[in-house]
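**Student:** Provide a 3D model corresponding to the input given below.
(2 chains)
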Amino acid sequence: GENVEQHPSTLSVQEGDSAVIKCTYSDSASNYFPWYKQELGKRPQLIIDIRSNVGEKKDQRIAVTLNKTAKHFSLHITETQPEDSAVYFCAASWGGGADGLTFGKGTHLIIQP
Amino acid sequence: EAGVAQSPRYKIIEKRQSVAFWCNPISGHATLYWYQQILGQGPKLLIQFQNNGVVDDSQLPKDRFSAERLKGVDSTLKIQPAKLEDSAVYLCASSGGRQGANEKLFFGSGTQLSVL
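**Tutor:** Numbering: from 1, shown residues only, chains lettered A, B, ... in the order given. From the prediction side, this is the model:
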């Protein structure tokens, strides 16, 4: 089955700086890669996703890049703000959508004032 | 639009007791999922329903866990008997369920289970 590795487990950045979270996946058939943000005690919420036919996708301060050859994808957050503090999860699936999602272990992002 | 509803929000039980969780997906969503999220880890899929049929239950510990979605809408997940290692947040999620379509996963707030 699919295995998703996520690094780092904790990331602390100064407010206004950029943050990068990296994930690798094992199954070359995976074709859908969402990112979820989970604030303390709340539900995971989808913040951005990318499909295997696209190399990069951007939404305001958030971007995701995908390298199919190397089987890794990354989340980039620019101009970080205090409300970006949360746990971020990457995931991968072969089904093109919500089916068969395997999640990484999460990255705790801390924005230092 | 109403989100995925779950209850209870918290549950504390002793080991070997039984417990049940309830989920109501987003209206019109055909696919319903139960995930287990252990502290410090990502969600792990336990079972997936398409309408009232099971699509994937390969990671469900069937000796103690059971789930049903009898009318294809709301669902119940049960643990009997509970073990200490079952302490986790149980997340319900739903999606539109159209195979191959651009379907996204929406989570409920979860039930935090503590087994003492």
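
**Student:** C-alpha from now on. contacts and neighbour counts both.
**Tutor:** OK.

**Student:** pLDDT value on residue 15, please?
**Tutor:** Answering for chain A, as no chain was given. In the predicted model, residue A:15 carries a pLDDT score of 97.

**Student:** actually, chain B is the one I wanted.
**Tutor:** Among the per-residue scores, residue B:15 holds a pLDDT of 96.

**Student:** same question, residue B:99
**Tutor:** 55.

**Student:** then residue A:96?
**Tutor:** For residue A:96, pLDDT reads 71.

**Student:** hang on, it packs against residue A:51?
**Tutor:** Yes: because the distance of 7.5 Å satisfies C-alpha atoms under 8 Å, residue A:96 is recorded as touching residue A:51.

**Student:** so which of those two has more stuff around it?
**Tutor:** residue A:96 (23 against 19; other C-alpha atoms under 10 Å in any protein chain shown).

**Student:** next one: that one from chain B, what distance?
**Tutor:** Going from residue A:96 to chain B by C-alpha to the nearest C-alpha, to the nearest Å gives 6 Å.

**Student:** if we ignore the residues flanking it in sequence, what's nearest that residue?
**Tutor:** Sequence neighbours aside, residue A:32 is the residue nearest to residue A:96 in space, at 5.1 Å (criterion: C-alpha to C-alpha, 6 or more residues apart in numbering or on different chains).

**Student:** across the sheet, point out what pairs with the one you found.
**Tutor:** residue A:51, residue A:93 (DSSP bridges).

**Student:** who in chain A is up against chain B?
**Tutor:** With the criterion set to C-alpha under 8 Å from any C-alpha of the partner chain, chain A comes near chain B through A:42-46, A:89, A:95-98, A:101-106.

**Student:** buried only: go through the residues you listed for me.
**Tutor:** Neighbour counting by 16 or more other C-alpha atoms under 10 Å in any protein chain shown classes A:43-46, A:89, A:95-98, A:101-106 among the residues of chain A next to chain B as buried.

**Student:** right, I'll call it a day here.
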